[in-house]
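Asks: just coords:
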């Protein structure tokens, strides 16, 4: 049994995104980068399983040099070794191609169960789980809140629309996407952070995986034409008065001005 | 490459889903520009009957794949769509960015070795005929305009409640075309059980009216007043992360950057301070109302109407006033 964990480093949720003056991209200075929050649940569940089965857990990430920090966090949480697909011009590589690379590594490493977060909070594309699974011909379940290992199968639970829940069984090898509620990710303790420094961290270039950066850029599926800030809301009104009065005014405004009732 | 725009049609107890009608309206616009057909596909055990409901709208054809397929099984539905596309590849394939379609469309795209554009807020064709979309990044702190390239088919998912739905306007030559698809056996994924929701309220991500409670609600029992207000509006109940972490309500109610993204026509935030992560989940609501004791709460930066007062006084009053008015 070998476990794979795919993670991404993303800007912290507190980040105030600022556009460059020429609107050609965002200002990266001053951004604090963290492990994608949903990936933390994935790492935790993977490590719990690794500890239960006494097997190997390998963490993988695609990104620029700073992705190393995210990988080290995963190693400190208990992963055995890390693989960094390093590309400084990462913004020119589509998610489609990143998932092809991850699938290649999964194949080479022969991962039995792949854990990752249900989506990355920077792009919210929510398609990596499905792309990796489908490229590998494996079953998947995304956004799981319960995980149970059953030898040749995995039993998971997830919430779907309207609050209903599905209980699903998939065969191993498989891919699962983690979401909040699956577990409580552990903190990396100082001793584990120190231990992590001695763990193997392999750096791969795109060419090591058989990919040509220029070809990928050319064969990209998506080109960003413009970055826009969201529309600024017009300043609203504060309704003044005694409670009954205020409520009456609000309902009247909702009916006649906003016309939402 | 075919000469049609294809919509993945979905239905609910009321009939054709509003989110499907939003795709029909946008699809019609694109079809006109491309001078091609606007068609839909309905899959399932009563697909023919459901397809009939689409005759009220300006579609050319509805393809029907009828059968007792294992609903909720994404591998089965992916197989059906891929086999359908083998016979019939549209130019553009559209779906609504809901839980099911996000799963299904990503699998279909990967099988076709193509990309799917998710969470689109708008779709258009550029002057040189390229398929373009606007989608959020960084939880909506940025909106990017993207152009699709190197794709034999354009696949996109549109966020519900952003575009206007199509009005009833029957097309001239509406046809229902039955398609027989031989579904492969699948032993990799099995749905063991579907545990129905205990709630009859609408799903948060598709709700038109949402009332949310924050840390200010104080205790789980107090959420009752939030629920009563939501019920009078026939809406859904949401919460901030603070309320969820404090144990007042289940995390399925969480709205925000690491919760659900909602887009109602009316969002009422009660006792929610308005942290940047919460705003990320609801800032596109058409009308935002907030009730908070703190006049400096950041939520008031995004409200259309703000009430600086005790939510325990205001919310019940609002519920009773609305009961009278909405009778």
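Replies: Yep, that arrived. No experiment lies behind these values; they were computed from the predicted model shown. Numbering: from 1, shown residues only, chains lettered A, B, ... in the order given.
Asks: let me see the contact set for the nearest residue to residue B:216 once chain neighbours are set aside.
Replies: Leaving aside its sequence neighbours, residue B:216 sits nearest to residue B:271 (Cβ to Cβ, 6 or more residues apart in numbering or on different chains; 2.1 Å). (C-beta placed from N, C-alpha, C; glycine too.) By Cβ atoms under 8 Å, 6 or more residues apart in numbering or on different chains, residue B:271 lies in contact with B:213, B:214, B:215, B:216, B:217, B:218, B:291, B:292, B:293, B:311.
Asks: residue B:272 is in contact with the first one, correct?
Replies: Yes - using Cβ atoms under 8 Å, residue B:213 is in contact with residue B:272, at 7.2 Å.
Asks: Three-state assignment for the most centrally placed residue in chain A, please.
Replies: Central residue of chain A (Cα atoms, centre = their mean): residue A:120, 3.2 Å from the mean position. Classification of residue A:120 by DSSP: H, G, I helix; E, B strand; the rest coil places it in coil.
Asks: that older thread, show the buried residues in the contacts of residue B:271.
Replies: Buried subset of the contacts of residue B:271 (neighbour count, 16 or more other Cβ atoms under 10 Å in any protein chain shown): B:213, B:214, B:215, B:216, B:217, B:218, B:291, B:292, B:311.
Asks: quick one: buried residues of stretch B:238-251?
Replies: Within stretch B:238-251, the residues that count as buried by 16+ other Cβ under 10 Å are B:238, B:239, B:240, B:241, B:242, B:243, B:244, B:246, B:248, B:249, B:251.
Asks: ok, residue A:222 touching residue B:116?
Replies: No - Residue A:222 is beyond contact range of residue B:116, at 10.4 Å (criterion: Cβ under 8 Å).
Asks: not counting sequence-adjacent ones, nearest residue to residue B:125?
Replies: Distances taken as Cβ to Cβ, 6+ apart place residue B:33 nearest to residue B:125, at 5.4 Å, with adjacent residues excluded.
Asks: sorry, slip of the keys, the one I care about is residue B:82.
Replies: Leaving aside its sequence neighbours, residue B:82 sits nearest to residue B:111 (Cβ to Cβ, 6+ apart; 4.9 Å).
Asks: and the gap between the residue nearest to residue B:216 and chain A?
Replies: According to Cβ to the nearest Cβ, to the nearest Å, residue B:271 and chain A sit 15 Å apart.
Asks: and residue B:84, by the same measure?
Replies: 17 Å.
Asks: that residue: neighbouring residues, count only.
Replies: The burial count assigned to residue B:84 is 19, neighbours taken as other Cβ atoms under 10 Å in any protein chain shown.
Asks: again, but for the one 4 residues further on
Replies: Around residue B:88 there are 15 other residues, counting by other Cβ under 10 Å.
Asks: what is the one helix or strand residue B:84 maps to packed up against?
Replies: Assigned by DSSP states H and E, residue B:84 falls within helix B:74-87. Applying 3 or more Cβ pairs under 8 Å, 6 or more residues apart in numbering or on different chains; DSSP states H and E, one finds that helix B:74-87 contacts strand B:37-44, strand B:61-66, helix B:99-111.
Asks: redo that, cut-off 6 Å
Replies: Helices and strands touching helix B:74-87, as assessed by 3 or more Cβ pairs under 6 Å, 6 or more residues apart in numbering or on different chains; DSSP states H and E, comprise helix B:99-111.
Asks: give me the contacts around the helix or strand that comes right after the helix it packs on.
Replies: Later in the chain than helix B:99-111, the nearest helix or strand by DSSP H and E is strand B:116-120. Applying Cβ atoms under 6 Å, 6 or more residues apart in numbering or on different chains, the contact partners of strand B:116-120 are A:124-125, B:97, B:105-106, B:109, B:133, B:135, B:155-159.
Asks: apply 7 Å and report the result again.
Replies: For strand B:116-120, contacts defined as Cβ atoms under 7 Å, 6 or more residues apart in numbering or on different chains pick out A:124-127, B:97, B:102, B:105-106, B:109, B:133-136, B:146, B:148, B:155-159.
Asks: return the subset of these lying in strands.
Replies: Using DSSP state E, the subset of the contacts of strand B:116-120 located in strands is B:133, B:134, B:135, B:136, B:146, B:148, B:155, B:156, B:157, B:158.
Asks: how close does the third one sit to residue A:227?
Replies: When you say that, I think you mean residue B:135. Per Cβ to Cβ, to the nearest Å, residue B:135 is found 12 Å from residue A:227.
Asks: what's the answer for the last one, then?
Replies: Between residue B:158 and residue A:227 the distance, using Cβ to Cβ, works out to 20 Å.
Asks: just give me the neighbour total for residue A:70.
Replies: 24.
Asks: hang on, residue B:295 is in a strand, isn't it?
Replies: No - if the criterion is three-state DSSP, then residue B:295 is coil and not within a strand.
Asks: for burial, what's the neighbour tally of the nearest residue to it once chain neighbours are set aside?
Replies: Sequence neighbours aside, residue B:308 is the residue nearest to residue B:295 in space, at 4.7 Å (criterion: Cβ to Cβ, 6+ apart). Neighbour count for residue B:308, taken as other Cβ under 10 Å: 18.
Asks: please name the residues that touch residue B:308.
Replies: When the contact criterion is Cβ under 7 Å, 6+ apart, the partners of residue B:308 are A:238, B:292, B:293, B:295.
Asks: report pLDDT for the last one.
Replies: Per-residue confidence at residue B:295 stands at 95 (pLDDT).
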